[in-house]
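[1] what would the 3D arrangement of this be:
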Amino acid sequence: MAWQFRIVNLLLLVLTAVLELVALYFLIKILFTHCVLGQEYGISVWLYLCFLPAITLQSVILALFRLFFITVGLDPIAMLFNFVSGLVCIGTALTLLVATVAHCGNKYRYMFFVSSCLGIIAGVLHIVNALLCNAFMPKDEWSYAKPSKRRRLRETGYKQRSPRRVFKS
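    Predicted coordinates for the structure are as follows:
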């Protein structure tokens, strides 16, 4: 089951990165519309602009590393990144979508909808990926999540592999 999970994880990462790149492309196009330049839209566009590029960059880098290194993205840090990024993407994209539905009526409306809908889908995929990582993460990786987790694993009788030493002292 491990290799199927790794393939699903990789596909989710790549799909999420592609969706975020397309959403970012449309978000950049939105910045030069007359309604944003005329300041009809303020906080919803700028809030989305503050978070989406950083999340997209991290997703693209994580997907590239995941392509070349098989175990990257299967740890508690990647799980936390996916969970938080998913919540932030959904929250900021929903803000833009609600503002668009309530106020937009011009020919650039499709750009607002495409960017925010792709952001919501990418956020959902981030959360799905975090839940998959949580379900299929190796037990050795979980011991790094929390120091008290190591104690509980020892009490249950789980034998953790000792880490290899790279440098001999």
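[2] against residue 39, how distant is residue 19?
    28 Å (C-beta to C-beta, to the nearest Å). Bear in mind the C-beta positions are built from the backbone N, C-alpha and C, glycine included.
[3] same question for residue 63.
    From residue 63 to residue 39 the distance is 35 Å (C-beta to C-beta).
[4] please say which of the two ends up with more neighbours.
    Counted by other C-beta atoms under 10 Å, residue 63 and residue 39 do not tie: residue 63 has more neighbours, with 21 against 8.
[5] in three-state terms, label the nearest residue to residue 58 once chain neighbours are set aside for me.
    Of all residues not flanking residue 58 in the chain, residue 81 sits nearest, at 6.7 Å (C-beta to C-beta, 6 or more residues apart in numbering). Classification of residue 81 using DSSP: H, G, I helix; E, B strand; the rest coil returns helix.
[6] do the same with the one 3 residues further on
    Using three-state DSSP, the structure places residue 84 in helix.
[7] show me the contacts for residue 27.
    45, 48-49, 52, 115 (C-beta atoms under 8 Å, 6 or more residues apart in numbering).
[8] a markdown table for those, including distance to residue 27, pLDDT and neighbour count?
    Converted to a markdown table, those look like this (distance: C-beta to C-beta, whole Å; pLDDT from 0 to 100; neighbours: other C-beta atoms under 10 Å):
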| residue | distance to residue 27 | pLDDT | neighbour count |
| --- | --- | --- | --- |
| 45 | 8 | 83 | 24 |
| 48 | 6 | 86 | 28 |
| 49 | 6 | 86 | 17 |
| 52 | 6 | 90 | 26 |
| 115 | 5 | 91 | 26 |
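[9] now, these that are in helices?
    45, 48-49, 52, 115 (DSSP state H).
[10] just those residues now: which is nearest residue 102?
    Comparing these against residue 102 with C-beta to C-beta places residue 45 closest, at 13.6 Å.
[11] what about the residue nearest to residue 58, distance to residue 64?
    15 Å.
[12] and the two? Which one has more around it.
    residue 81 (20 against 14).
[13] was I right about that one contacting residue 62?
    Yes: counting by C-beta atoms under 8 Å, residue 62 is a contact partner of residue 81 at 7.3 Å.
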